[in-house]
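[1] output the structure for:
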Amino acid sequence: MDFYPFFDWLDTSPLATISKAYGGVFAVVQMLHLLGMSMLGGMVILGDLRLMNILMRETPSEVIIENTQKWFGVALVMVVISGIFMSSAVSLKLYYNEMFWAKMSALAVGVLFFYFIRRPLLKFPHSQLNPWTLRTVAISSLLIWFTVAASGRWIGFS
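    Reported below is the predicted structural model:
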């Protein structure tokens, strides 16, 4: 599937005009993107380290997971909306950037893993799940989201 027409449209869209012309607006959106990434990463790390029984052992893991999943959704929306706005300023450059596509692929895997594997599995009482299942889910999640973060950071170097 060729996404070039979308990136070409995004490059000339009103979003691109605003993001290129108003540095202050871009800076605020970038701040919201960083806040969203911090929140998303924090929720992943907190939830997964609790599943591995490393953090907050005195609090039931179901409570931690329920709360981190709520904030994960909020953070994901923030990151996606602000990311589209920021991408509009350099959309054609991103289209040709291999690390951008690596990040988008990892992000898609992360979102699919979260909503179709991790979340449904963790609806069950955690005491009824094999501890190794919980650890495997947590380690897989951390690796996926580390890949998203690392490939996203590498975009600026490639």
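[2] give me phi/psi at the residue lying farthest from the centre of the chain?
    Each residue of the chain has a distance to the centre, and by C-alpha atoms, centre = their mean the biggest one is for residue 128: 28.7 Å. Torsion angles at residue 128 (phi, psi; degrees, to the nearest 10) stand at phi -90, psi -10.
[3] tell me where the chain has helices.
    Here the chain has its helices, by DSSP state H, at 4-11, 14-21, 23-51, 61-88, 91-95, 98-113, 119-121, 131-154.
[4] and the contacts of the lowest-mean-pLDDT helix or strand in the chain?
    The helix or strand of the chain with the poorest confidence is helix 14-21; it has a mean of 92 (mean pLDDT, DSSP states H and E). For helix 14-21, contacts defined as C-beta atoms under 8 Å, 6 or more residues apart in numbering pick out 10, 25-26, 29, 84-86, 88-89, 91. In short, each C-beta sits where N, CA and C put it, glycine included.
[5] run the angle between that helix and helix 61-88 for me.
    For helix 14-21 against helix 61-88, the angle by axes from the mean of the first three to the mean of the last three C-alpha atoms, to 10 degrees is 80 degrees.
[6] buried residues in helix 14-21, which are they?
    Neighbour counts using 16 or more other C-beta atoms under 10 Å place 15-16, 19 of helix 14-21 among the buried residues.
[7] tilt between it and helix 4-11?
    50 degrees.
[8] how about the CA coordinates for helix 14-21, as PDB?
    The C-alpha trace of helix 14-21 is given here as PDB (Å, rounded to 0.1, in the frame of the first residue of the first chain):
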ATOM      1  CA  PRO A  14      -3.900  23.500   6.800                       C
ATOM      2  CA  LEU A  15      -2.200  21.600   9.600                       C
ATOM      3  CA  ALA A  16       1.100  21.900   7.800                       C
ATOM      4  CA  THR A  17       0.500  25.600   7.100                       C
ATOM      5  CA  ILE A  18      -0.100  26.200  10.800                       C
ATOM      6  CA  SER A  19       2.800  24.000  12.000                       C
ATOM      7  CA  LYS A  20       5.200  25.700   9.600                       C
ATOM      8  CA  ALA A  21       4.100  29.300  10.100                       C
END
